[in-house]
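[1] Sequence first, predicted model second:
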Amino acid sequence: MLVNIHSADSKGDIITLAEELKVEFRDKTVVVPVGFQCDGASVPRFLWSTVSPQVDPRTLRGAVVHDYLYRNLVPEWTRKEADELFYELIRADGLSWWKSQKAYWGVRLFGSGAWQE
């Protein structure tokens, strides 16, 4: 996955997708278009000691896809599926089971407000 990381804002670095990102999960596909921007993994402050909010290759793909699904409310995707896909991608990309569990439960417990926006 090719990204450009630039101009930190109040939440951190801004990531711009430089090539299309296509992910298949169960019987669904999500395609994140070139130019999509996000801030990577949005992690509650109390989890920063184990799941860094900084750009990390182990969470980058999962964070980009998760942010895209949350912002666009793609009709065939549920919030739970978006969170489960996030977990599967960060595990596949090398984040430990323990840290992945914390990241997953962070989005499950605290992501509903972002989904509803």
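    Nice, I can see it. Numbers count the residues shown, from 1 in each chain.

[2] going forward, measure contacts and count neighbours with C-alpha atoms only.
    Noted.

[3] could you point out which element follows the worst-scoring helix or strand of the chain on mean pLDDT?
    Lowest mean confidence among the helices and strands of the chain (mean pLDDT, DSSP states H and E): strand 3-9, at a mean of 57. For strand 3-9, the succeeding helix or strand toward the C-terminus, using DSSP states H and E, is strand 12-17.

[4] Okay, strands next: where are they in this protein?
    With DSSP state E as the criterion, the chain has strands at 3-9, 12-17, 21-25, 28-32, 37-38.

[5] any idea of the mean pLDDT for the last one?
    Averaging the model's pLDDT scores along strand 37-38 yields 87.

[6] How far does stretch 13-28 stretch from one end to the other?
    Across stretch 13-28, the terminal residues are separated by 29 Å (Cα to Cα, to the nearest Å).

[7] Pull the distance from that stretch to the chain's centre.
    9 Å (Cα atoms, centre = their mean, to the nearest Å).

[8] Report the buried residues of it.
    Under the neighbour-count criterion of 16 or more other Cα atoms under 10 Å, stretch 13-28 has 13-18, 21 buried.

[9] Now compare those residues and name the two farthest from each other.
    Greatest spatial distance among these (Cα to Cα): D13 and L21, at 19.2 Å.

[10] show me the contacts for D93.
    57-59, 61 (Cα atoms under 8 Å, 6 or more residues apart in numbering).
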